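Student: Everything below, folded, please.
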Amino acid sequence: MLKQTGAEFNYIKRKQNSLTNTRKEYLGFLDKTGRTRITSNECIGNTSLSNKSKQKLTNSYQNWKKKDDERKRQEELIEKSIIGKFDISKYTNSIKTSTKDVVLFEERIKHIVERHPEVEKYIKDIPNIIKNPDLILQETKRDSTIWLIKKIDKNIKVSMKLNTTNDNNLKNSIIQMQIMRDSEIDRSIRNRKVTKIFDKNDKK
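Tutor: A predicted model of the protein is given here:
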């Protein structure tokens, strides 16, 4: 019947799997309760569709298709936006993430350049900053947000929101970038705005 609505194979397969699972649950229920299957009550209607039923199925499929297209678009956007990998477990055991992938979306690049045009020339250095930070600080109020700081010719701070959920479809995301003076970094630590996770200059 779904073929009459013009539904794609993936959608039809998904519905068939759902029906198969429902049948298994139904048969399992019968086995567990000792009830008798009455097949005469299971066959209702026929394989032809009324216009109303066809429209209902078509609307259901179109809603699914819209959501599926958006999901695919988001997956493609994320894949294109991966800029590197970051493994927080190398620096601390107190933060757990579901992924090592780091994304930088075009919208964030635009935001960074608009707010801090002085760092535009350092955007190309982000992969190296997240791979080899000099200093890692964790925000006190937003503990899933960290600062990765690296001295290039100035202190470049990259703010990253970590995916600390169980959803590994989400990625660690670059949210901000700016230049910070040593005094600003020290003051942020002193005022407990951030706590230190890693400092390459600390003696081991």
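Student: so who does the most centrally placed residue in the chain touch?
Tutor: Per C-alpha atoms, centre = their mean, the C-alpha nearest to the average position across the chain is that of residue 170, at 1.5 Å. Listed by C-beta atoms under 8 Å, 6 or more residues apart in numbering, the contact set of residue 170 reads 98-99, 163. Heads up, the C-betas are built off the backbone N, CA and C, glycines and all.
Student: Could you count how many residues lie near residue 161?
Tutor: As a burial measure, residue 161 scores 17 neighbours (other C-beta atoms under 10 Å).
Student: partners of it in the sheet?
Tutor: With DSSP bridges as the criterion, the beta-bridge partners of residue 161 are residue 145, residue 173.
Student: Which strand or helix spans residue 136?
Tutor: Using DSSP states H and E, the secondary-structure element containing residue 136 is strand 135-139.
Student: How about residue 66?
Tutor: Applying DSSP H and E as the criterion places residue 66 in helix 51-81.
Student: pLDDT averaged over that helix - what is it?
Tutor: Confidence over helix 51-81 (mean pLDDT, whole number) is 72.
Student: repeat for stretch 167-177
Tutor: If you average the per-residue pLDDT over stretch 167-177, you get 90.
Student: Between the two ends of it, how far is it?
Tutor: The first and last residues of stretch 167-177 sit 25 Å apart, counting by C-alpha to C-alpha, to the nearest Å.
Student: end to end, how far does stretch 92-105 reach?
Tutor: 26 Å.
Student: re earlier: quick check: the gap between the residue nearest to the centre of the chain and residue 67.
Tutor: Noted for residue 170: a distance of 18 Å to residue 67, by C-beta to C-beta, to the nearest Å.
Student: same question, residue 125
Tutor: Between residue 125 and residue 67 the computed distance is 38 Å (C-beta to C-beta).
Student: likewise residue 151?
Tutor: As it turns out, when the distance is counted by C-beta to C-beta, residue 151 lies 46 Å from residue 67.
Student: For the contacts of residue 170, pick the one with the most neighbours.
Tutor: Comparing the contacts of residue 170 on neighbour count, residue 163 comes out first with 21 neighbours (neighbours: other C-beta under 10 Å).
Student: list the contacts for that one?
Tutor: Taking C-beta under 8 Å, 6+ apart, we find residue 163 in contact with 97-99, 144, 170-173.
Student: ok, 10 Å please
Tutor: Applying C-beta atoms under 10 Å, 6 or more residues apart in numbering, one finds that residue 163 lies in contact with 96-103, 144, 169-173.
Student: Check residue 141 too.
Tutor: Residues touching residue 141, when contacts are defined by C-beta under 10 Å, 6+ apart, comprise 192-194.
Student: Quick one: mean pLDDT over stretch 90-102.
Tutor: Within the predicted structure, the mean pLDDT of stretch 90-102 is 93.
Student: how is this structure carved up into domains?
Tutor: 2-38+48-80, 86-199 (automatic domain parsing).
Student: Pull the distance from the last one to the chain's centre.
Tutor: So the one you mean is domain 86-199. A distance of 17 Å separates the centroid of the chain from that of domain 86-199, by C-alpha atoms, centre = their mean, to the nearest Å.
Student: Right, I'll leave it there.
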